[in-house]
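J.: here you go, sequence then predicted model.
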Amino acid sequence: MLKPALFLAVFAATAIAAQEGSAAPLSPNCSAKAPVKEFLVATGEWDTVPKERGGMPAPYTDRQQARAANSKLERYTFDPGVIIVKRGDCVVLRIHVVKGSHHNVTIEGTEIGSEGAPVVDDNGAPTGVKAVARSNPNPYEDPARLKDGEFVRGEQIVLKFQANQAGTYRMICEVHTFIGPKGELRGYDEKGKPLSGPMVGYVTVLP
Ligand SMILES: [Cu+2]
């Protein structure tokens, strides 16, 4: 007599697990009922030439790399650097390249990123262009050819996703960030080339 009840209980638990397991932490499609939370994010840049010491230009250490006196220390940023939303929100990030010739965006551990994202104008209207491999529309700036996901100074892209799981997700620009074997973000690549990074922001999804 208990068997049908037991079966139902097991079935229900399995169904709930399947439902939770099937939802990506951040999914590219928003449900119609999800509240829309929109953010404008600009790419920023910090730079400085460290001050002289005792009247003499002094060399310094930048993220454990020796740097010459009078050389510039710089880093690119997402501004704001932390996006806070609630679980279930439909998040729209409009990301505008202001500083730096070009960037890309990947939200780590998810399928959300700038590859193929629509480029929009200042009114938010589609331009028909996507962030895919193409010639740089600003030909006087490097690089001449953009890779998938890269977008350039003056362009604005839209990332849209539904936040399904609470947590903090790193929003990384891989143009300026080298990701080490343990997931650490570095401002130099494996050959020691300075990347003016890491360039990282955070999306925090509250439960
Ligand atoms: Cu970047």
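T.: Yes, it's here. What you see is a predicted model, and the numbers here were worked out from it, not measured in a lab.

J.: roughly how far does residue 197 sit from the ion?
T.: Distance of residue 197 to the ion, given as Cβ to the ion, to the nearest Å: 7 Å. Quick note: C-beta positions are derived from backbone N, CA and C, even for glycine.

J.: burial count for that residue?
T.: The burial count assigned to residue 197 is 23, neighbours taken as other Cβ atoms under 10 Å.

J.: for it, report the pLDDT, please.
T.: Per-residue confidence (pLDDT) for residue 197: 93.

J.: secondary structure element holding it?
T.: Under the assignment given by DSSP states H and E, residue 197 is not contained in any helix or strand.

J.: so it sits against residue 187, correct?
T.: Yes - if you go by Cβ atoms under 8 Å, residue 197 and residue 187 touch, sitting 4.6 Å apart.

J.: nearest residue to residue 80 in space, please, no chain neighbours.
T.: residue 41 (6.6 Å; Cβ to Cβ, 6 or more residues apart in numbering).

J.: element containing the one you found?
T.: The secondary structure element spanning residue 41 is strand 36-48 (assigned by DSSP H and E).

J.: quick check: the residue nearest to residue 80 vs residue 79, distance?
T.: In this view, residue 41 and residue 79 are 7 Å apart by Cβ to Cβ, to the nearest Å.

J.: circling back: what touches both of residue 197 and residue 187?
T.: Common neighbours of residue 197 and residue 187, counting by Cβ atoms under 8 Å, 6 or more residues apart in numbering, are 75, 176-178.

J.: of these, which are in range of the ion?
T.: Taking Cβ under 5 Å from the ion as the test, the ion is in contact with residue 176 out of the shared contacts of residue 197 and residue 187.

J.: for the residue nearest the centre of the chain, give me phi and psi.
T.: In the chain, the C-alpha closest to the average C-alpha coordinate belongs to residue 171, at a distance of 2.8 Å (Cα atoms, centre = their mean). In this entry, residue 171 is assigned phi and psi values of phi -110, psi 110 (degrees, to the nearest 10).
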